[in-house]
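Student: After the sequence you'll find the predicted model.
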There are 2 protein chains.
Amino acid sequence: MITEMYEIQAGLFKALMHPARLAILDILRQGEECVCHMEALLGYRQAYISQQLMTLRKVGLVEDRRDGWNIFYRVTRPDIYAVIDAMNEFVGQKPALAAHSTRLREEKCPCPKCNLATEAVGN
Amino acid sequence: MITEMYEIQAGLFKALMHPARLAILDILRQGEECVCHMEALLGYRQAYISQQLMTLRKVGLVEDRRDGWNIFYRVTRPDIYAVIDAMNEFVGQKPALAAHSTRLREEKCPCPKCNLATEAVGN
DNA sequence: TCAGGATATACACATTTTCGAATGTCATTT
DNA sequence: AAATGACATTCGAAAATGTGTATATCCTGA
């Protein structure tokens, strides 16, 4: 059937159809990050972010890895960014967080990865 | 606000989130086509296609032009295909209709554009 | 084993999307 | 002007999605 592959694609577009999920994927450009980090960065509540991560997990766009208290998420197939970047081109803008990448480590986050960074700065 | 541009992008992804709309956009790769043509090609009912076209129109992806009885649609900004092609790459497949492009003129469609083609073949 | 931190899941409800059926609109032909 | 062809729009019900609140799970440290 001709529509079969359109449905696969539509399913992936559906996962990209949400602002919060786009923001999360943008954060994950720099590699894996813990949930508490996205929480601090995006200002959403924990359960909300967890729900969006679940959606991304269901379509196989992200994977998680537990490390002690924290769970780190990473993008499974980075070539999804080709799609997102093409859309960035289309709307004529750069990824929002890329422009604010300094914020990525400035936000308070209790996870060891972030504390490592802030300790280096000397908090 | 950081989420503002994510919402714009999400809105466009939302338009691409539907199999029928992806199929329509795929048909429009070869230039403008009338509604009856998509009807014949895709096998959907007229109102259904019209609804999907309305969605694409609302986000500015397609424009229409009346010519007598028929209304021809065309893609406003062809660079949207960069996004779709990136997704094609991601799922590792070619556009379905491109593989069936011979069908594009084989289907029966009453519009003058199609009859022009079939007359040339000598029906 | 118990308390607590980090995260996931369940549930409920409002909103949106989907899609069929009916109807409306506009241009053309007679 | 009436009939007809090609499309568009509206309406309504079912399904899916969005999001807040509550609760469960899993790990760690005491």
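Tutor: Noted; the coordinates are in hand.

Student: residue ranges with poor pLDDT in chain A?
Tutor: Along chain A, segments meeting pLDDT under 70 span A:1-2, A:93-108, A:110, A:112-123.

Student: and it, which of its residues are near DNA strand D?
Tutor: By C-beta under 7 Å from any atom of the strand, the part of chain A that sits against DNA strand D consists of A:Lys14, A:Met17, A:His18, A:Ala20, A:Arg45, A:Ala47, A:Tyr48, A:Gln51, A:Thr55, A:Arg66, A:Gly68, A:Trp69. For the C-beta atoms, the positions are set from N, CA and C on the backbone; glycine is no exception.

Student: try 10 Å this time
Tutor: Within reach of DNA strand D by C-beta under 10 Å from any atom of the strand, chain A has these residues: A:10-11, A:14-15, A:17-21, A:44-52, A:54-55, A:58, A:66-71, A:112.

Student: Buried subset of the residues you listed, written for ChimeraX?
Tutor: Buried subset of the residues of chain A next to DNA strand D, written as a ChimeraX selection, criterion 16 or more other C-beta atoms under 10 Å in any protein chain shown:
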select /A:10,14,15,17,18,19,20,21,44,49,52,55,70,71
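
Student: near chain B, which of the residues of chain A next to DNA strand D show up?
Tutor: When C-beta under 8 Å from any C-beta of the partner chain is applied, the members of those adjacent to chain B are A:Ala10, A:Lys14, A:Met17, A:His18, A:Pro19, A:Ala20.

Student: Correct me if wrong: the first one contacts B:Phe13.
Tutor: No - in this structure, A:Ala10 sits apart from B:Phe13 without contact. The criterion is C-beta atoms under 8 Å, and the distance is 10.3 Å.

Student: just the strands in chain A please.
Tutor: A:33-34, A:62-67, A:70-75 (DSSP state E).

Student: what packs against the first one?
Tutor: The elements that strand A:33-34 packs onto, with contact taken as 3 or more C-beta pairs under 8 Å, 6 or more residues apart in numbering or on different chains; DSSP states H and E, are strand A:70-75, helix A:112-121.

Student: Give me the contact status of it with DNA strand C.
Tutor: Yes - judged by C-beta under 10 Å from any atom of the strand, strand A:33-34 comes into contact with DNA strand C through A:Glu33, A:Cys34.

Student: List the strands paired with that strand, with their directions.
Tutor: Strand pairing for strand A:33-34, determined by DSSP bridges: strand A:70-75 (antiparallel).
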